[in-house]
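*Asks:* okay, predicted coordinates and the sequence, questions at the end:
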Amino acid sequence: MANWYQRVVLPRLLNFGMGSAEFEKIRHAVLADASGVVLEIGAGPGYNLSQYKNISRLYALEPSKELIEIARARAKSLSFPIEFLNMGAESIPLPDHSIDTVVSTWTLCSVTDLKEVLKEIVRVLQPQGRFIFVDHGASPKFSVRMLQKIFTPITKHFTGNCHYDREIERFISGAGLNIQKINHPRQKFKPLIYNYEGVAVPE
């Protein structure tokens, strides 16, 4: 039952839910800064693809075969070459310092081993490269964080391992990355969601 949900139901839910106008506005704002050779962690159903304007090549990494098939349909009219990598981000099959920009949108909350993923991001980034991230995680407000901790063990089984309570900023700062800028945009009617939107560079 769980495998069927992950393979059939969840990709369709993500394709539907991630296509909102609210998410599209955020994508448009943050992905304009992506340039050069780009690696996207957790490409999902491919909603980011049309937002890349100044890149030379894209590696789209995604562990779900079903989501890759949805993304391929959105990749047909792209003006840059794209290669889909069907695997998790804990082991990225790219050489050291080969990527100009790493992009992660709403992915760090759900990876199995966040420390290992960030270690791999640092490894593949050029010394002057940038890590552009948008995610949600632990709220600084005590009452909200307690609710996040209560709900996460239940909801993660239905949301692709999404954790409401991950300390995204702390993990990024502790992985050999310097956060140059960070914002916390709010989402309407989502009291458990605390967003992290920013850019980090290798130390």
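*Replies:* Great, that's in hand. Numbers count the residues shown, from 1 in each chain.
*Asks:* now for this structure, the helix or strand with the poorest mean pLDDT.
*Replies:* helix 2-4 (a mean of 69; mean pLDDT, DSSP states H and E).
*Asks:* what residues does whichever helix or strand comes after it touch?
*Replies:* In the C-terminal direction, the helix or strand that comes right after helix 2-4 (DSSP states H and E) is helix 10-17. Outside helix 10-17, the residues that touch it by CB atoms under 8 Å, 6 or more residues apart in numbering are 44-45, 64, 66-67, 70, 158, 160. Bear in mind the C-beta positions are built from the backbone N, C-alpha and C, glycine included.
*Asks:* from these, which single one is nearest residue 121?
*Replies:* The closest of those to residue 121 turns out to be residue 44 (CB to CB; 17.1 Å).
*Asks:* pull the contacting residues for the closest one.
*Replies:* By CB under 8 Å, 6+ apart, residue 44 lies in contact with 14-15, 18, 62, 64, 67, 71, 106-107.
*Asks:* please redo it, this time with the cut-off set to 7 Å
*Replies:* By CB atoms under 7 Å, 6 or more residues apart in numbering, the contact set of residue 44 is 14, 18, 62, 67, 71.
*Asks:* mind checking the SS state of it?
*Replies:* coil (DSSP: H, G, I helix; E, B strand; the rest coil).
*Asks:* any chance you could give me the lengthiest helix in the chain in PDB, C-alpha atoms only?
*Replies:* Among the segments of the chain that qualify as a helix by DSSP state H, the longest is helix 142-155. The C-alpha trace of helix 142-155 is given here as PDB (Å, rounded to 0.1, in the frame of the first residue of the first chain):
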ATOM      1  CA  PHE A 142       8.100  28.100  20.400                       C
ATOM      2  CA  SER A 143       4.400  27.300  20.200                       C
ATOM      3  CA  VAL A 144       4.600  26.700  16.400                       C
ATOM      4  CA  ARG A 145       7.700  24.600  16.700                       C
ATOM      5  CA  MET A 146       6.100  22.300  19.200                       C
ATOM      6  CA  LEU A 147       3.100  21.800  16.900                       C
ATOM      7  CA  GLN A 148       5.600  21.100  14.000                       C
ATOM      8  CA  LYS A 149       7.300  18.400  16.100                       C
ATOM      9  CA  ILE A 150       3.900  16.800  17.000                       C
ATOM     10  CA  PHE A 151       2.600  16.700  13.400                       C
ATOM     11  CA  THR A 152       5.800  15.800  11.500                       C
ATOM     12  CA  PRO A 153       6.000  12.100  12.600                       C
ATOM     13  CA  ILE A 154       2.400  11.700  11.300                       C
ATOM     14  CA  THR A 155       2.300  13.800   8.200                       C
END
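*Asks:* alright, I will stop here.
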